[in-house]
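>>> Fold the stuff below for me.
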Amino acid sequence: MSELVLKVEGMTCMHCKMSVEKALKGVAGVENAQVDLGKKEAVVTGSAERAILAKAVEDAGYSVVG
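Predicted structure coming up:
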């Protein structure tokens, strides 16, 4: 199991945080996903690939940068 940190742009509130966490947790191979709204980061544990996680975030309406 690995841990990935994604920089997410476009989040402004708790609803945004919950939307990104839900999108990430819906990806096969994700054990857990926690979003820090202040840092604009999502920490994901599991075996999912970064590109698939980024697509899930983008499909939810947010941007992955970096």
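>>> which residues in the protein form helices?
Listed in chain order, the helices of the chain (DSSP state H) span 14-25, 50-59.
>>> I'd like these as a markdown table, with mean pLDDT and distance to residue 44 appended.
To be clear about C-beta, it is placed using only N, CA and C from the backbone, and glycine gets the same treatment. Below are the helices of the chain laid out as a markdown table (pLDDT from 0 to 100; distance: least, C-beta to C-beta, whole Å):
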| stretch | mean pLDDT | distance to residue 44 |
| --- | --- | --- |
| helix 14-25 | 98 | 6 |
| helix 50-59 | 98 | 6 |
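>>> what's the closest residue to residue 28 other than its chain neighbours in contact with, if anything?
Excluding its sequence neighbours, the residue lying closest to residue 28 (C-beta to C-beta, 6 or more residues apart in numbering) is residue 48, at 6.6 Å. Going by C-beta atoms under 8 Å, 6 or more residues apart in numbering, residue 48 touches 27-30.
>>> can you check residue 17 too?
11, 35, 37.
>>> can you check residue 15 too?
Here residue 15 is in contact with no residue (C-beta under 8 Å, 6+ apart).
>>> what about it, distance to residue 64?
19 Å (C-beta to C-beta, to the nearest Å).
>>> same check, this time on residue 17
From residue 17 to residue 64 the distance is 15 Å (C-beta to C-beta).
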